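Student: after the sequence you'll find the predicted model.
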Amino acid sequence: MRRLTTPLVRCALALGLLLAPVACGTPEKSRVTIMVPWSGEEFQAFSAVVEAFEATHPGIKVDPEVTRALNEQLDAAVAADARPDLAVLPSVGAIAEYQKDGVLKKLDVDTSDYVQPFRGLGMTGGNGGSGDVYAIPVKADVKSLVWYDVDATHDPPRSWAELPARHDRWCLGLESGPTSGWPGADWIADLLLATYGRAAYTTWASGNAPWDKGPVHGAWTAWGDLVGSALEGAARTGFKAAVKKMPACSLGHGSLAAMDFDAARVKRRGYLYVPPPGRTLQVSADFVGKFTGNESADEFIAYLAGAEAQRIWVKQPGFALSADRQVTVEDYANDVQGEVAAMLHTSANTLCFSAADAMDPDVSAAFYRAVLEYADGASEDALLRALDKVQDALGPARSPSAPPLCNPR
């Protein structure tokens with residue numbers, strides 16, 4: 001028996017040695033690093049998209065790097081030549097700066113299914129969205145909405161024109177980490193856009209309009225008059241904490257994703273909104289850009305831009321919206337979210353990216369600080385003169401060849 005089996009054992013051992021690298025070893029996955037600012041429900045939604053991608057791309061592993069100070073950490077990583085493969089770019093100004101510095105990589109991604117201005121803002125060259133793609137919008141927001149609690153507001157406003165004459169208490173919080181002040185900046189921008197129109201708005205966002213007179217001064221004054229006593233303590237009140245006080249306070253301003261409403265109540269239409277006049281909407285997006293030559297990152301960013309990933313994202317908690325025309329109202333988790341998303345796809349609406357997002361990052365930072373100081377009682381005129389000086393020192397934010405801030409009507 002021994003003599004018969006020994007050759008077989010030797011053969012098995014030899015075969016085992018030959019097959020061991022195949023049977024016991026697995027090819028190492030290609031890793032894609034991505035720097036993101038999200039936490040909580042936002043990160044949960046992103047994780048669902050990552051899981052779906054990895055299930056269909058088993059050779060690629062996505063490694064998120066979470067930071068609440070994304071701009072500062074990304075700047076430091078770029079300076080130290082330790083760049084992530086991908087990073088979220090939360091403003092049009094950031095895209096422009098990194099593109100100008102030559103650190104953003106051109107993307108081979110088709111964004112033609114996206115509505116303008118989302119399609120063009122990651123590109124050079126154009127009104128029609130033609131040109132080189134340098135960033136793709138992975139989730140969008142409509143900022144220009146005034147929200148109220150249906151159960152507590154028995155006489156809700158029917159239009160923005162009614163707001164100044166009402167005696168509502170605004171749910172106003174301006175504190176929001178490194179970007180504290182943005183809720184007031186968005187409100188001022190919305191009032192300027194609604195009152196003075198797209199041309200005045202674009203001129204201001206591009207750094208070509210004075211702060212201490214004209215439309216900017218008018219919008220700032222209108223905001224201060226509107227929110228009134230709600231300014232007291234707002235600089236040290238978190239934006240989401242202020243919203244949580246509803247219905248003790250009556251009205252809130254901002255995107256559905258930012259309001260941090262209870263999802264079950266939103267689904268039951270417990271919170272509703274009043275859109276701005278004139279069919280003009282201030283919108284925003286989180287973009288993703290590429291900073292290295294990692295080819296696996298190309299696969300992931302193309303997936304993020306596609307309708308499959310977008311449909312997964314909008315069904316997750318967090319009320320994300322998609323600017324992809326292939327994502328329909330029926331794809332959303334609830335009717336209110338779908339209705340807001342439909343505003344992005346209605347050709348009658350003018351969509352303009354957030355003014356502060358388009359400004360030079362130093363100007364927008366000064367803008368946010370001025371909002372906080374104004375809430376603490378500083379003179380409006382002095383603050384606006386100081387912003388004029390900052391703007392004059394830095395010059396216009398956008399070149400004439402840059403894609404438009406607003407979609408053509």
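Tutor: Perfect, I can see it now. Residues are numbered from 1 along each chain as shown.
Student: from Thr179, how far off is Asn71?
Tutor: As judged by CB to CB, to the nearest Å, Asn71 and Thr179 stand 9 Å apart. Yep, even glycine has a C-beta here, placed from its N, CA and C like the rest.
Student: let me fix that: Leu104
Tutor: Distance from Leu104 to Thr179, by CB to CB: 21 Å.
Student: the strands in the chain, which residues?
Tutor: 30-36, 60-66, 86-89, 136-142, 146-149, 251-253, 271-274, 280-290, 350-353 (DSSP state E).
Student: any chance of these in a markdown table, with mean neighbour count, mean pLDDT and distance to Gly318 too?
Tutor: Formatted as a markdown table, the strands of the chain follow (neighbours: other CB atoms under 10 Å; pLDDT from 0 to 100; distance: least, CB to CB, whole Å):
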| stretch | mean neighbour count | mean pLDDT | distance to Gly318 |
| --- | --- | --- | --- |
| strand 30-36 | 20 | 98 | 13 |
| strand 60-66 | 16 | 98 | 15 |
| strand 86-89 | 27 | 96 | 14 |
| strand 136-142 | 25 | 95 | 8 |
| strand 146-149 | 22 | 96 | 16 |
| strand 251-253 | 25 | 96 | 17 |
| strand 271-274 | 19 | 97 | 15 |
| strand 280-290 | 24 | 95 | 11 |
| strand 350-353 | 24 | 93 | 20 |
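Student: Pro361: which of these is closest?
Tutor: strand 86-89 (11.2 Å; CB to CB).
Student: name the nearest residue to Thr179, ignoring sequence neighbours.
Tutor: Tyr368 (6.2 Å; CB to CB, 6 or more residues apart in numbering).
Student: measure the one you found to Val314 for me?
Tutor: 29 Å.
Student: cool, and His253?
Tutor: Taken as CB to CB, the span from His253 to Val314 is 23 Å.
Student: list the buried ones in stretch 286-303?
Tutor: 286-291, 294, 296-301, 303 (16 or more other CB atoms under 10 Å).
Student: could you dump those into TSV with distance to Asp149 added?
Tutor: Output for the buried residues of stretch 286-303, formatted as TSV (distance: CB to CB, whole Å):
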residue	distance to Asp149
Asp286	28
Phe287	33
Val288	35
Gly289	38
Lys290	42
Phe291	43
Asn294	47
Ser296	46
Ala297	43
Asp298	45
Glu299	44
Phe300	40
Ile301	39
Tyr303	38
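Student: show me which of those residues is closest to Ala48.
Tutor: Taking the buried residues of stretch 286-303 together and measuring to Ala48 by CB to CB, the closest member is Tyr303, at 12.8 Å.
Student: number of residues surrounding the residue nearest to Asp110 when sequence neighbours are not counted?
Tutor: Spatial nearest neighbour of Asp110, chain neighbours left out: Ala305 (7.7 Å); criterion: CB to CB, 6+ apart. Residues within reach of Ala305, counting by other CB atoms under 10 Å, total 23.
Student: surely Ala305 is in contact with Arg119?
Tutor: No - Ala305 is beyond contact range of Arg119, at 10.6 Å (criterion: CB atoms under 8 Å).
Student: report the set of residues contacting both of these two.
Tutor: Thr111 (CB atoms under 8 Å, 6 or more residues apart in numbering).
Student: just for the stretch 201-350 of the chain, where's the confidence low?
Tutor: Judged against pLDDT under 70, the stretch 201-350 of the chain has no low-scoring part.
Student: apply 90 and report the result again.
Tutor: 206, 260, 278-279, 333, 347 (pLDDT under 90).
Student: any chance you could map the helices in the stretch 301-409 of the chain?
Tutor: Using DSSP state H, counting those that start in this stretch, the helices found in the stretch 301-409 of the chain span residues 307-315, 335-345, 355-358, 361-375, 380-394.
Student: in TSV, list these along with mean neighbour count.
Tutor: Putting these into TSV (neighbours: other CB atoms under 10 Å) gives the following:
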stretch	mean neighbour count
helix 307-315	20
helix 335-345	19
helix 355-358	27
helix 361-375	21
helix 380-394	16
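Student: out of the ones you listed, which is closest to Asp190?
Tutor: Between the helices of the stretch 301-409 of the chain, helix 355-358 lies closest to Asp190; by CB to CB that is 9.3 Å.
Student: that closest one: how far from the chain's middle?
Tutor: 12 Å (CA atoms, centre = their mean, to the nearest Å).
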